[in-house]
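Engineer: no sequence on this one, just coordinates:
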């Protein structure tokens, strides 16, 4: 039996809480081992792991990004199977500005491993050296021009497609926004745990 | 202009994090003033406001239920416009066992104010004296028999109904489970802030 897959979900102050929580929850239902790690400098108040998200929900991360990398991704062989970037304008800006996020995403791309970004988060890839440029992507529609100008091939995911409102180009998965996060989480789940597992989870969620 | 409406969303250890977070986020986008309050005895670790939800996401409440009632709902005139109960089996059990939850829900019912429950949470109403018994409700399908036996009229929300996968019977709004939480949040938003506001929020979420 295949070993459990590992995913790293980043969170920052201003991340879209639905996009983070739906993705993490769906993936854990798919038996993916997910760690939520806080982007440096975005903690809220005295607890160094709590981030105030875009609509004021306070989410406590499992660890800091620095501690995660030191303990679980110090070598390229140990990189997670997927790195997940939720949207939220301020959260995505924080991820775009954090050098540690860029370094990790560059290593993930070079290793040919999965990166998944939704809503405002595809712009994080642009900020860190136009990672995956040339690939087919989607994003919240207001970022279409920014992605296109940076050399990405922006697509509106076709309604009724088997993958839902998600664009997958090999090891890059992107999606549109809050209401497409179930599709996003299930697409990542299918990539990591298999379509059968994702379909079973979708049924349990009463999805579709 | 009407005053901003107030909602109280309860959270307990074991609450379904998607059902909590989607509802709170959607309602805040509808300009509803939402407070997330922790059910007594369900905090996680040393921070008295953090609850570990059903899939391990740690959410920090805004306040405790006791403090909320003392400060914002001490008199019946001050009750919130809506009380929201997310599902999650263990979270719903904790809410069913907490006397303070029952007292508040009984006051809310007597005042004729809105109560909204999703997934496992309609069983909380049963536990606290069969509140709203006789009403039309829905729930996660596995609780259908429990609700019916307790005297509720269980319905499967019709696909394609204007309200989505939600049952509304006057001041009681119920819904099915995780994947119907956008419908649930938008239905509460429409009840509190008007259909036009809810429709605008749905469009921004890229819903439908």
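Structural biologist: Yes, it's here. Since the structure is predicted, the reported quantities are computational estimates derived from the model, not experimental observations.
Engineer: contacts and neighbour counts: CA atoms only from here.
Structural biologist: Noted.
Engineer: Which residues of chain A lie near chain B?
Structural biologist: Residues of chain A found near chain B (Cα under 8 Å from any Cα of the partner chain) are A:17-18, A:21-22, A:24-25, A:28-29, A:50, A:55-61, A:176-180, A:182, A:205-207.
Engineer: can you give me the helices for chain A?
Structural biologist: A:17-29, A:65-72, A:89-97, A:99-110, A:122-127, A:144-149, A:181-193, A:195-204 (DSSP state H).
Engineer: Compute the inter-axis angle for the fourth one and helix A:65-72.
Structural biologist: Going by axes from the mean of the first three to the mean of the last three Cα atoms, to 10 degrees, helix A:99-110 is angled at 40 degrees with respect to helix A:65-72.
Engineer: What helices and strands are in contact with helix A:99-110?
Structural biologist: On a contact count with 3 or more Cα pairs under 8 Å, 6 or more residues apart in numbering or on different chains; DSSP states H and E, helix A:99-110 meets strand A:114-118.
Engineer: follow-up on the earlier one: next, format the helices of chain A as TSV and append mean neighbour count.
Structural biologist: Formatted as TSV, these follow (neighbours: other Cα atoms under 10 Å in any protein chain shown):
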stretch	mean neighbour count
helix A:17-29	26
helix A:65-72	15
helix A:89-97	23
helix A:99-110	16
helix A:122-127	24
helix A:144-149	16
helix A:181-193	25
helix A:195-204	17
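Engineer: Specify the stretch among those that is closest to residue B:98.
Structural biologist: helix A:17-29 (25.8 Å; Cα to Cα).
Engineer: wait, what's in contact with residue A:136?
Structural biologist: Residue A:136 is in contact with A:152, A:153, A:154, A:155, A:167, A:168, A:169, counting by Cα atoms under 8 Å, 6 or more residues apart in numbering or on different chains.
Engineer: any idea which of those residues has the most stuff around it?
Structural biologist: Using other Cα atoms under 10 Å in any protein chain shown as the neighbour criterion, residue A:167 leads those with 25 neighbours.
Engineer: Distance check, residue A:161 against residue A:95.
Structural biologist: For residue A:161, the distance to residue A:95 equals 30 Å [Cα to Cα, to the nearest Å].
Engineer: hmm, I was thinking of residue A:185
Structural biologist: 20 Å.
Engineer: need the contact list for residue A:158.
Structural biologist: A:164, A:165.
Engineer: For it, give its distance to chain B.
Structural biologist: 13 Å (Cα to the nearest Cα, to the nearest Å).
Engineer: and that residue, what pLDDT?
Structural biologist: Residue A:158 carries a pLDDT value of 78.
Engineer: and it, how far is that from residue A:145?
Structural biologist: Counting by Cα to Cα, the gap from residue A:158 to residue A:145 is 19 Å.
Engineer: So what's the residue count around the residue in chain A that chain B sits nearest to?
Structural biologist: Of all residues in chain A, residue A:59 sits closest to chain B, at 4.6 Å by Cα to the nearest Cα. Residues lying near residue A:59 (other Cα under 10 Å) number 30.
Engineer: For the closest residue to it other than its chain neighbours, which residues are in contact?
Structural biologist: The shortest distance from residue A:59 to any non-neighbouring residue, by Cα to Cα, 6 or more residues apart in numbering or on different chains, is to residue B:59 (4.6 Å). Applying Cα under 8 Å, 6+ apart, one finds that residue B:59 lies in contact with A:57, A:58, A:59, A:60, B:17, B:50, B:51, B:52, B:53.
Engineer: All set now, cheers.
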